[in-house]
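> got a predicted structure here, sequence first:
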Amino acid sequence: MTDVALEWWDPTLVGPSIARTVGAGLWRYMDGGKRYTFFHLPTAQQEFFDKAGTVDNNFKTALPPNDTRPHYTCSGCPSTTGAA
């Protein structure tokens, strides 16, 4: 693991789990989901449990930009050529 996000569990937030079952309780990521390296964590006191500026891990919403997968192109791969 090379980076971390500041997060807290919100038991009142309703949405699907990773198994796609809907229920109460999701993680909230602070600072809009910003990620930090271990040696560059914020030094100021953080406002945990304040919903302002957070994003959740509800799979119905878009992921924070730092958590979206990049698009990799592959020349000659079976998935692009139709080869088995």
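Cool, got the structure.

> drop to CA atoms for contacts and neighbour counts, all remaining ones
OK.

> which helices and strands does the biggest strand by length in the chain pack with?
What stands out as the longest strand in the chain, according to DSSP state E, is strand 7-16. Strand 7-16 sits against strand 22-29, with contacts defined as 3 or more Cα pairs under 8 Å, 6 or more residues apart in numbering; DSSP states H and E.

> quick one: strands adjacent to the longest strand of the chain?
Strand 7-16 pairs in its sheet with strand 22-29 (antiparallel), by DSSP bridges.

> and the longest strand of the chain, average pLDDT?
The pLDDT scores in strand 7-16 average 90.

> repeat for stretch 21-39
88.

> buried sites along it?
Under the neighbour-count criterion of 16 or more other Cα atoms under 10 Å, stretch 21-39 has G25, L26, W27, R28, Y29, M30, D31, G32, G33, K34, R35 buried.

> and that stretch, how far out from the chain middle?
6 Å (Cα atoms, centre = their mean, to the nearest Å).

> so what touches it?
2-17, 48, 51, 53-58, 64, 66 (Cα atoms under 8 Å, 6 or more residues apart in numbering).

> could you redo the last one with a cut-off of 10 Å?
For stretch 21-39, the external contacting residues (Cα atoms under 10 Å, 6 or more residues apart in numbering) are 1-17, 41-42, 46-58, 63-67.

> how about stretch 41-49?
The contact list for stretch 41-49, computed with Cα under 10 Å, 6+ apart, reads 3-10, 28-31, 35-36, 54.

> return the closest of those with respect to S75.
Taking Cα to Cα as the measure, S75 sits nearest to D3 out of the contacts of stretch 41-49, at 30.7 Å.

> let me see the contact set for the closest one.
Neighbours of D3 in contact, by Cα under 10 Å, 6+ apart: R35, Y36, T37, F38, F39, H40, L41.
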